[in-house]
Structures are given as C-alpha cells and as structure tokens.
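> Structure here, sequence nowhere to be found:
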C-alpha cells in the first residue's frame, strides 16, 4: 500500500523452464492519496508448463496505478493466464459496513485490510 506522495515499483519475472513446472502468483495493492505504483509482471513459459498470475489493485483519492502484465510463451504446450483488475472500493460495501455502526474511514480500513490479507 502506498499513500501520501509515495512512489513504488514492483517487478516480478517468473521463468518456467522445466516440463511440468507451474506458478500461481497473486499480487494485491492499494494506492491512496497522491501515490503512484507501477507493477511490471511477467511469466515466461519455455516448456510444457502452466502459469497463472492475478493482479488486483484498489485505487483511492488521487492515487495512480500502472499495471504492465506480460505473458511470453516459447513452447507450444505452455499454458499461461493473466488476470488484472484496478478499481475503487464499491459503495455498497461501504454502506453495508456503515449500517453495522462503522464510520466511513473504519469501513474503508476493514475493506482494505481484508483485501490485502
């Protein structure tokens, strides 16, 4: 999670070089205030392999996020999947928690805490 004027970069490159190799990579991030994040995400399959990556981000305030996913298949039997989503906290989630007695700030913190676990 970034906040204020923080800038963060995350890079991962997974190379699947052996037959039967696999990877399942999950990335979660939150950008608040005026912060910026760049996520460089790559899976390369050079054998009969399977790779899956999931990149989910929450953007708040004036935060900015750039997700740069890439998949590189160098073998006919490389099965690679990438899922990416960037969005804000849903208003109905906030309302539900606020009806249970939380303030808006407390509700946001609960949602973010659960998302980042």
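Structure's in. What do you need? Treat the numbers as computed from the prediction; the structure is a model and nothing was measured.
> Whichever helix in the chain runs longest: which residues count as buried?
Assignment by DSSP state H gives helix 104-116 as the longest helix of the chain. Buried positions in helix 104-116, judged by neighbour count with 16 or more other C-beta atoms under 10 Å: 107, 108, 111, 112. No exception for glycine: its C-beta is placed from N, CA and C like everyone else's.
> Return the closest of those with respect to residue 19.
residue 112 (40.4 Å; C-beta to C-beta).
> residues touching the closest one, list them.
1, 30, 58, 89 (C-beta atoms under 8 Å, 6 or more residues apart in numbering).
> And the furthest pair within those?
By the measure C-beta to C-beta, 1 and 89 form the most distant pair in the contacts of residue 112, at 13.1 Å.
> and the helix or strand in which residue 51 is found, what's its mean pLDDT?
If you go by DSSP states H and E, residue 51 is part of strand 49-59. Per-residue pLDDT over strand 49-59 has a mean of 95.
> so what strands line up beside that strand?
Here strand 49-59 is paired, per DSSP bridges, with strand 22-31 (parallel), strand 78-87 (parallel).
> buried stuff in the last one?
To tie it back to what came earlier, the one meant is strand 78-87. Neighbour counts over strand 78-87 (16+ other C-beta under 10 Å) mark 78, 80, 82, 86 as buried.
> That strand: what's the following helix or strand?
helix 91-99.
> so what does that following helix touch, helix or strand wise?
With contacts taken as 3 or more C-beta pairs under 8 Å, 6 or more residues apart in numbering; DSSP states H and E, helix 91-99 sits against helix 104-116.
> For the most far-flung residue of the chain relative to its centre, give me the backbone phi and psi.
Centroid-distance maximum for the chain: residue 101 at 29.5 Å, with C-alpha atoms, centre = their mean. Torsion angles at residue 101 (phi, psi; degrees, to the nearest 10) stand at phi 110, psi 0.
> Alright, calling it a day.
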